[in-house]
Structures are given as structure tokens and as C-alpha cells.
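S.K.: Give me the fold of what follows.
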Amino acid sequence: MIIDMHTHIFPEKIAADVVEKLSRVSRTKNFSDGTLNGLKKSMDAAQINYSVILPVATTAKQVEKINSSAAALNEKHFGEGIISFGCIHPEFTNYREELRRVKNYGLKGIKIHPVYQDINLDDVKFLRIIDCAAENDLIVVTHAGLDIGFPGIVRCSPQMAKKVIDTVGEFKFVLAHMGGWKNWREVLEILGGEKIFLDTSFSTGKIIPRADFHWQEEDLELLNAAQFMKFVKIFGSERILFGTDSPWTSARSSIEFIKDLPLAEGDKNKILGLNAKKLLGI
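M.R.: Residues are numbered from 1 along each chain as shown. Alright, predicted model coming up:
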């Protein structure tokens, strides 16, 4: 079983424009068209059983509509391997009621993005939301580390994540991009041993750039196999979740990276899907 814990789609009417804009900002190639059908085709080609869609609210007024749409998406595509999470925004004032609504809809968790939402993860506005999500037994997935579209800006550092853990306690906490994109040394030093989950999205191999942008070769480097194995050693294979960040990486290449690691087949299977299966309760 392969479960992709980190994907994105956009409404079909605007998907082409959104993907092109994000591709230019990040100077990276997209590997699907950003639509639901594009995701399904990618899943079929890579033999992925389930994909978790992570919507992001960039303003508070989007939250209720996105969560309603996520619930409708899950109901319509039940049995097709599509699982959408909900969202929340730190400026959304009625967050307690909204998180209960997310839970009642049957959504498994929420996605937050401190960079897009322009508030640090350890701000009280996020802390109270995360605490409430934990009370509702919701999975919380956050963007962590740098963001390729916002150079130099970190609103979820390993130090901030540690403060969340120390404040809220143990809960279903997923730090995307192996705990903090391009902050990987600090992730190992500060978060090693914590009962959190890391997803592999946009963190392994190399960035695939657009043909019309120049990159320095060293800037394209992500985690290689030896570096990745340090995470396995410190966090354990049971704490790592496979993710592609679709449409931004090749699903096939991402899977092959895991399959080629010097790990026992059981550990590879945990990373590729069994850990997510247990976390999602499917």
C-alpha cells in the first residue's frame, strides 16, 4: 500500500493559472496539472492507493467554504482513494466551533501554513488552534521550514515546533518537508526523539527546475539517501510519512527514492503507506 500524505489540487477553472503562477514564483516544474483528475492520473501511474489533499486558507473568510468543499469532495469520491483534510486560519475567530464542524464532517485533520498565513507557528493564535485541534483528535499538518516561494522566511522553525510540542503535549502532529525544509540540521538537533511525524514531500533527491530559469547546482540539492537515513535513525521509520507535494514532484521518482534506501522492506512499507494507514485510521 502506498499513501501520499501531502498533495494539493485547485478548482478546475483556475488550476492552470494558479499552477503557472506558483511554478514561476518557485522556478520549479510541475508534474501534474493541479486538478483532481490530474492527481488521479498521477496516482494511477505511480500505483498510489490513497492521496491526502491539504487545502490552505490564505484568509480567514475562506475557511468555512474550503471545509465544506473538502467534506463534499470526500463524500463524492469515497472509495476512489481521495482524502481531503480541512483547513483553519489563525485569524479565524470562531475556531473552536469550526474545528468541531471539521470533526463532525469526518475530516481526518487540518492543514496550516504559517508562511502563507503570515504568522509564526508559536504565536498564541496558532497555539490555541492547535490545542483545540488536539482536543478534537484531529491530525495537524503544518508547512515547516523555508518555503521555496518566499526566500529567507521561516515561520515554522524547529525551535517554534518544539515550543508547540512543549505547550500542547503529544498529539497527531505532522511537520511537512522532513520537519523543516532546508532546516534539516536543526530538525535533527532540536526535534530528534519527539513523538512527531515528518513527511517526505519535496525533500528528497533534487529540485527539478523550470527550463526557463537558471539555478545554482548546489541550490537544487535536497536530502540524499545518506542524509535521509539519519532521520530514520533518529526518529524511527514509524515516524516518517511518504508525501509528494503533488503537483510539484514526480510521484514515481519520490517512491523510487524510498524503495532504493538501504532499509528492510518492512521499514520501507511503513514509510510508503503503513504509517499513514494507521494515522488515518483506514
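S.K.: Tell me the secondary structure at His6.
M.R.: strand (DSSP: H, G, I helix; E, B strand; the rest coil).
S.K.: What count of nearby residues applies to it?
M.R.: 28 (other C-beta atoms under 10 Å). Backbone N, C-alpha and C define where each C-beta goes, glycine included.
S.K.: got a list of what it touches?
M.R.: Val52, Leu54, Val141, Ala176, Asp199, Ser201, Leu241, Gly243, Thr244, Asp245, Ser246 (C-beta atoms under 8 Å, 6 or more residues apart in numbering).
S.K.: In strands, which of those residues appear?
M.R.: The strands, defined by DSSP state E, take in Val52, Val141, Asp199, Leu241 from the contacts of His6.
S.K.: Now the buried members of those residues.
M.R.: Listed as buried from the ones in strands among the contacts of His6 are Val52, Val141, Asp199, Leu241; burial here means 16 or more other C-beta atoms under 10 Å.
S.K.: can I get those in CSV with pLDDT and distance to Ile208?
M.R.: Output for these, formatted as CSV (pLDDT from 0 to 100; distance: C-beta to C-beta, whole Å):
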residue, pLDDT, distance to Ile208
Val52, 98, 22
Val141, 98, 23
Asp199, 98, 19
Leu241, 99, 22
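S.K.: Could you single out the nearest of those residues to Val124?
M.R.: Val141 (20.2 Å; C-beta to C-beta).
S.K.: Assess the claim that the closest one and Ile110 are in contact.
M.R.: Yes - in this structure Val141 lies within contact range of Ile110 using C-beta atoms under 8 Å: 7.2 Å.
S.K.: Between those two, which contacts overlap?
M.R.: Phe85.
S.K.: Tell me which residues touch the residue lying closest to Leu36 once chain neighbours are set aside, please.
M.R.: Counting by C-beta to C-beta, 6 or more residues apart in numbering, Leu36 lies nearest to Ile9, which is 5.1 Å off, once chain neighbours are set aside. Ile9 is in contact with Ala15, Gly34, Thr35, Leu36, Gly38, Leu39, Ile53, counting by C-beta under 8 Å, 6+ apart.
S.K.: Inside strands: which ones of the residues you listed?
M.R.: Short answer: those in strands (DSSP E) are Ile53.
S.K.: what helix or strand does Phe92 sit in?
M.R.: For Phe92, there is no helix or strand it lies in under DSSP states H and E.
S.K.: who's in contact with it?
M.R.: Per C-beta under 8 Å, 6+ apart, neighbours of Phe92: Ala57, Ala60, Val63, Glu98, Ile129.
S.K.: Can you list the residue ranges for helices in this protein?
M.R.: 12-26, 36-46, 63-76, 95-104, 114-117, 124-135, 158-168, 184-191, 225-235, 251-259, 265-269, 275-280 (DSSP state H).
S.K.: any idea which of the ones you listed is most buried?
M.R.: A comparison of the helices of the chain by mean neighbour count, using mean count of other C-beta atoms under 10 Å, puts helix 114-117 on top with a mean of 22.
S.K.: Now render the contacts of Phe92 as CSV, adding pLDDT and distance to Ile271.
M.R.: Below are the contacts of Phe92 laid out as CSV (pLDDT from 0 to 100; distance: C-beta to C-beta, whole Å):
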residue, pLDDT, distance to Ile271
Ala57, 98, 29
Ala60, 98, 35
Val63, 98, 32
Glu98, 98, 32
Ile129, 98, 28
